[in-house]
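>>> Sequence and computational prediction follow.
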Amino acid sequence: MRALVLGGAGAVCKETTRDLSKYSHFDEIVIADYNLEAVNKLINELADERLKPLFFNAEDYQGMLELFPQFNIIVNGLPFQFDLAVNKACVEVGVNGLDLSSEDPQFQLHQQAVQNDMLFVPGVGATPGITNMMVRRATEMLESVDEVEIYFAAFRCLAPAPGLLETTLWEFNPEEEDRQSVYFEDGHWHPAPPLSGVTLVNFHPQIGPQNVYYVPHDEVDTLPRSFPSLCRVAVRGCFPPHVMQTMEALMQAGLLSVRKIKLGDQEFPSIDVIRTVLAASEFSKKNDNWGYGLVVEVTGRRNQRQVKCTYRSQHPAPEVWGKEAAYYKNVGVPLSIGAQLIADGQVDVRGVLPPEMVLPVRPFFEALALRGITVEEQIVEEGQL
């Protein structure tokens, strides 16, 4: 069995590679990245003879079509703008794969994937990913599900990598098209501006209570389709306080916009200028507390009683996991677990499907716990005597 890990030496996906090296049974794990220096550094660190380096150009679609058939599974840890191309290439050549996020057009490839007898699972990270599986777990405990509230605290610096900076800008951009369908309620998707819907959520002790706000997220798209009884699905999240303060100031100043500003003799969209400035700023690389907090609340009914299932994640402290790894493992490890479950034959469906419709619940959470990411489940029933 051969696995190809795209972006496998990047900030997030190097934790996927580390996990595959430690826990998987693949005969060969090829780390495909444009930065071969980073790849070779990681290979030397892990000292696993199964790891092989490969230069990879994510812009070369024809190269994907020629490369992918040599592998049993494609593990995509590239920035989200490459998800559709990778998914499409996997479907075209009939090779299983998965990635960290999802785009609506990916699911339009479902029937072609079924015809080609293969599986692709978009969104197997922390959120989406772990959060989807928390909801799936709740559906096993309930007779019907009505509402899902998802909260996350992504504690990292502002710009640890180009893809993660792009994610932050996307979540705060008031002009982003995805802001037109931020939460699902009563059969429709509804808009919401950045920094709206504020609520205080208590995450695990390393993060504590934080104000979270509506963000456009993949779970809001997939969960109502996976579980049609749902009347409401919403995702709210935050970053560390200093990141939230910075992004709020930029948004209120109107700088997260495609409105053009003049620099010398040229004009540029203001958000492009801000992206360049933030990417080069030392401030954007600073963060004292690294980690990831997830809280998911699912309400529904069983035995004629209203039931609320609450799921809360926890992980080792940054001092134990290695500072930045306390954030990155929460994203990269689920991707590795998903790849191993598929490769080990624990998934027998075909198509392009979200994790809540594909991955087995108990093995997924058992694998997370083995790595140190634990999930607490609380179930409260209410009824009249």
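The structure has been received and is ready for your questions. Numbers count the residues shown, from 1 in each chain.
>>> for Val148, helix, strand, or coil?
Here Val148 is strand, with the state taken from DSSP: H, G, I helix; E, B strand; the rest coil.
>>> and the nearest residue to it once chain neighbours are set aside, bridged to which residues?
Distances taken as CB to CB, 6 or more residues apart in numbering put Val233 closest to Val148, at 4.6 Å, once the chain neighbours are dropped. Any C-beta I mention is one placed from the backbone N, CA and C, and that applies to glycine too. Taking DSSP bridges as the rule, Val233 bridges to Val148, Phe184.
>>> is it true that Val233 touches Asn132?
No - using CB atoms under 8 Å, Val233 is not in contact with Asn132; the gap is 10.8 Å.
>>> Contact partners for the residue nearest to Val148?
147-148, 150, 183-184, 219-220, 223-224 (CB atoms under 8 Å, 6 or more residues apart in numbering).
>>> In the stretch 51-200 of the chain, what residue spans correspond to helices?
In the stretch 51-200 of the chain, the helices defined using DSSP state H, counting those that start in this stretch lie at 61-67, 83-93, 104-107, 110-115, 130-141, 162-172.
>>> Could I get those in a markdown table, plus columns for distance to Val273?
A markdown table is the format used below for the helices of the stretch 51-200 of the chain (distance: least, CB to CB, whole Å):
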| stretch | distance to Val273 |
| --- | --- |
| helix 61-67 | 30 |
| helix 83-93 | 26 |
| helix 104-107 | 29 |
| helix 110-115 | 39 |
| helix 130-141 | 33 |
| helix 162-172 | 12 |
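>>> Using PDB, write out every CA atom in whichever helix or strand Val5 is part of.
Per DSSP states H and E, Val5 falls inside strand 2-6. Below are the C-alpha coordinates for strand 2-6, written out as PDB (Å, rounded to 0.1, in the frame of the first residue of the first chain):
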ATOM      1  CA  ARG A   2       1.300   3.400  -1.000                       C
ATOM      2  CA  ALA A   3       0.100   6.800   0.300                       C
ATOM      3  CA  LEU A   4       0.800  10.200  -1.300                       C
ATOM      4  CA  VAL A   5       0.700  13.100   1.100                       C
ATOM      5  CA  LEU A   6       0.300  16.400  -0.700                       C
END
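>>> Give me the helices and strands touching that strand, please.
helix 13-23, strand 28-33, strand 73-76 (3 or more CB pairs under 8 Å, 6 or more residues apart in numbering; DSSP states H and E).
>>> contact partners of that strand?
13, 16-17, 20, 24, 26-33, 54, 56, 58, 67-68, 70-78, 82, 86, 339, 343.
>>> Off-centre distance for stretch 81-91?
Centre-to-centre, stretch 81-91 and its host chain are 16 Å apart (CA atoms, centre = their mean, to the nearest Å).
>>> what mean pLDDT would you report for it?
Stretch 81-91 shows a mean pLDDT of 96.
>>> re the thing from before, just checking: what are the partner strands of the strand holding Val5?
Strand 2-6 pairs in its sheet with strand 28-33 (parallel), strand 73-76 (parallel), by DSSP bridges.
>>> winner for burial among those strands?
strand 73-76 (a mean of 29; mean count of other CB atoms under 10 Å).
>>> Can you tell me what sits against that strand?
With CB under 8 Å, 6+ apart as the criterion, strand 73-76 contacts 1, 3-8, 13, 16, 20, 68, 82-83, 86-87, 90, 95-100, 335-336, 339, 342-343.
>>> Same check on stretch 9-17?
Contacts of stretch 9-17 (CB under 8 Å, 6+ apart): 5-8, 29, 31, 33, 35, 38-39, 41-42, 46, 51, 75, 77-78, 100, 160-161, 163-164, 324-325, 328-329, 331-333, 335-336, 339.
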